[in-house]
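Student: Build me a model:
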Amino acid sequence: MIIDEVKVYFKAGCGGEGSFSSMKYSARRVIGGGGDGGRGGDVILKVSPHLSDLIKFNERRKFVAEDGEKGKEYNKKGKHGESLFVYVPKGTQIVDLDGNLIIDLNEDSQEYLICKGGAGGKGNFKKLYSLPAQSGEEKEAILYYCIPNDVAIAGFANSGKTSLFNKLTGKSYAVADYPFTTRACIWAPVEFESRKFTIMDTPPIKKNSKNIYLENSFLKHLFRSKIILLVSDNHCEFKSEFSALKKEISSFDKLLTSGKKIFYLLNKVDKIDRNTINLKGVIPVSTIDDTGIEELKKKLIKHFVK
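Tutor: Residues are numbered from 1 along each chain as shown. The predicted structure follows:
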């Protein structure tokens, strides 16, 4: 199961206190006096290619950077606190507790300074006073992981989505005749005619769900999709099923289908006489005899040609 939402606390390091120490005076200069404190460490979010969800945050939800060191006598400055890097998967959105987007980390090796370390205090070198250090910034935030993908496959149970995914990607994920074999989103990079993109398979959409945001919560991962493949194997009422699929997705979030290309795929056509039904606007496919697979690949390639 993919962990795609967590609440996390971040705290940057406090600055080190400035030193207040005795001074000696000579005819030419002031000798002694305390040094400045070191700056507190920052908290920096960074995209890692080695993470594919937020599961590591199940064990740790609090991240605190190192404080700066206190200043020392004879104007010796304290060391700066070490910055803390918190690694997240590509595709992580950082949202404040009011639901406002702070940053969308969707680029390789992208970094974001979420909490800045406090400035160190000023020691009393060459002066009769010191200045206090600053506290580091702190913040609670929600991390949402949205799977980076270009093409998403969606459909009701037993429509053959995973078989299609395997055919397009060359993978071999489990397929069965009983519904809900796919329990979490799976994705893989593919290359057709030198065009590279990522295809994602999703769990079956539940019809008329009582709690759509719980039962169909995986639909949030269509946020980044550029193309949605709606799959039906209902050879008699596929048009109404496509409408029902779009309705379920739009009910979850109407923006998920806005501005995106949607392909309508009638699956398992090896079992029917295609001359008996109107397939206008629909791509007939079969993973058994490869009907329509090459046509589908060409349509995907054409869409991603810049």
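Student: tell me the secondary structure for G117?
Tutor: coil (DSSP: H, G, I helix; E, B strand; the rest coil).
Student: Test for you: state the pLDDT assigned to it.
Tutor: According to the prediction, G117 has pLDDT 98.
Student: what's near enough to touch D36?
Tutor: D36 is in contact with 18, 71, 77-78, 120-123, 125, counting by C-beta atoms under 8 Å, 6 or more residues apart in numbering. Bear in mind the C-beta positions are built from the backbone N, C-alpha and C, glycine included.
Student: again with K268
Tutor: 160, 233, 235, 286, 288.
Student: shaky segments in the stretch 1-150 of the chain?
Tutor: Applying pLDDT under 70 to the stretch 1-150 of the chain picks out residues 23-32.
Student: show me what contacts G292?
Tutor: G292 neighbours (C-beta under 8 Å, 6+ apart): 265, 269, 283-286.
Student: Can I get those residues in JSON lines including neighbour count and secondary structure?
Tutor: As requested, those are exported to JSON lines (neighbours: other C-beta atoms under 10 Å; DSSP: H, G, I helix; E, B strand; the rest coil):
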{"residue": "L265", "neighbour count": "24", "secondary structure": "strand"}
{"residue": "V269", "neighbour count": "22", "secondary structure": "helix"}
{"residue": "I283", "neighbour count": "19", "secondary structure": "strand"}
{"residue": "P284", "neighbour count": "20", "secondary structure": "strand"}
{"residue": "V285", "neighbour count": "27", "secondary structure": "coil"}
{"residue": "S286", "neighbour count": "21", "secondary structure": "coil"}
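Student: Switch the residues you listed over to TSV; also include pLDDT and distance to T169.
Tutor: Output for those, formatted as TSV (pLDDT from 0 to 100; distance: C-beta to C-beta, whole Å):
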residue	pLDDT	distance to T169
L265	98	15
V269	94	21
I283	95	18
P284	96	20
V285	96	15
S286	96	17
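Student: of those residues, closest to D53?
Tutor: L265 (27.6 Å; C-beta to C-beta).
Student: ok, that closest one touching D233?
Tutor: No: using C-beta atoms under 8 Å, L265 is not in contact with D233, being 9.4 Å away.
Student: ranges for the helices of the chain?
Tutor: In the chain, the segments counted as helices under DSSP state H are 161-169, 212-215, 238-252, 293-304.
Student: which one of those helices is the most hemmed in?
Tutor: Per-stretch averages of neighbours, counted by mean count of other C-beta atoms under 10 Å, single out helix 161-169 among the helices of the chain, with a mean of 22.
Student: Tell me the helices and strands packed up against it.
Tutor: Contacts defined by 3 or more C-beta pairs under 8 Å, 6 or more residues apart in numbering; DSSP states H and E place helix 161-169 against strand 151-155, strand 186-192, strand 195-201, strand 227-232, helix 293-304.
Student: and the gap between F197 and A157?
Tutor: 26 Å (C-beta to C-beta, to the nearest Å).
Student: let me redo that: D150
Tutor: 24 Å.
Student: In terms of neighbours, single out the busier of these two.
Tutor: D150 (20 against 15; other C-beta atoms under 10 Å).
Student: Max pairwise distance over the contacts of K268: which two?
Tutor: H235 and I288 (14.4 Å).
Student: What is the burial count for the residue nearest to Y264 when sequence neighbours are not counted?
Tutor: Leaving aside its chain neighbours, Y264 sits nearest to V282 (4.8 Å; criterion: C-beta to C-beta, 6 or more residues apart in numbering). V282: 19 surrounding residues under other C-beta under 10 Å.
Student: Please apply the same query to S135.
Tutor: 16.
Student: so how far is L230 from it?
Tutor: Taking C-beta to C-beta, one finds S135 at 52 Å from L230.
Student: now swap in Y213 and tell me
Tutor: 21 Å.
Student: on that earlier part again, give me the more crowded residue out of H235 and I288.
Tutor: Neighbour count, other C-beta under 10 Å: between H235 and I288, H235 has more, with 17 against 14.
Student: Count the neighbours of the closest residue to that one other than its chain neighbours for me.
Tutor: Among residues not flanking H235 along the chain, I272 sits closest, at 5.1 Å (C-beta to C-beta, 6+ apart). Close neighbours of I272, defined as other C-beta under 10 Å, add up to 15.
Student: Just to check, I272 is in contact with N234?
Tutor: No: at 11.0 Å, I272 and N234 do not qualify as touching, with contact defined as C-beta under 8 Å.
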